[in-house]
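# Okay, here's the prediction I keep looking at, along with the sequence it came from:
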Amino acid sequence: MSLYGLTSQLRKAAVSIPSNIAEGQGRKSNAEFRHFLHNAAGSLMEVETQLTIAAVLCYLSRDKEAELLQQTNELGRIINGLIISVAT
């Protein structure tokens, strides 16, 4: 995979996370909001996968990968907390 292609995919997935949260917040029901929160969590998993691929292909250092994955883990906890809070 080329650096350009991976960068493009990473950007799309990263933009999709807050976009899904915002779109879900604008929906009429908690069930719809949860659906979009799950979509955001899926996009976050895409970002994590693409970061790992970037490190394997030596486009990203392993130290930077670890730092970014730590940040994605924190964001994942926040999204999961939102999912739980909307479920109740």
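Cool, got the structure.
# so what's residue 13 up against?
Residue 13 is in contact with 43, 44, 46, 47, 50, counting by CB atoms under 8 Å, 6 or more residues apart in numbering. All C-beta spots, glycine's among them, are computed from the backbone N, C-alpha and C.
# cool, and residue 17?
40, 43, 44, 47, 75, 79.
# got the residue ranges for the helices in this protein?
Under the criterion DSSP state H, helices of the chain are mapped to 3-25, 30-56, 62-87.
# how about stretch 44-60: buried residues?
44, 46, 47, 48, 50, 51, 53, 54, 55, 59, 60 (16 or more other CB atoms under 10 Å).
# so how many other residues sit close to residue 10?
As a burial measure, residue 10 scores 19 neighbours (other CB atoms under 10 Å).
# follow-up on the earlier one: would a markdown table of the contacts of residue 13 with distance to residue 69 be doable?
Below are the contacts of residue 13 laid out as a markdown table (distance: CB to CB, whole Å):
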| residue | distance to residue 69 |
| --- | --- |
| 43 | 15 |
| 44 | 11 |
| 46 | 13 |
| 47 | 9 |
| 50 | 11 |
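# Pick the one among the residues you listed closest to residue 88.
Nearest to residue 88 among these: residue 44, at 22.1 Å, using CB to CB.
# For that closest one, give me its contacts.
By CB under 8 Å, 6+ apart, the residues touching residue 44 are 13, 17, 72, 75, 76, 79.
# Run through the residues that contact the closest residue to residue 79 other than its chain neighbours.
Excluding the flanking residues, the one nearest residue 79 by CB to CB, 6 or more residues apart in numbering is residue 41, at 5.0 Å. By CB under 8 Å, 6+ apart, residue 41 lies in contact with 76, 79, 80, 83.
# For these, which two are the farthest from each other?
76 and 83 (10.4 Å).
# sorry, back to before: dump the contacts of residue 41 into TSV; add neighbour count, pLDDT and distance to residue 35 as well.
TSV is the format used below for the contacts of residue 41 (neighbours: other CB atoms under 10 Å; pLDDT from 0 to 100; distance: CB to CB, whole Å):
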residue	neighbour count	pLDDT	distance to residue 35
76	16	98	17
79	19	98	13
80	13	97	15
83	16	96	10
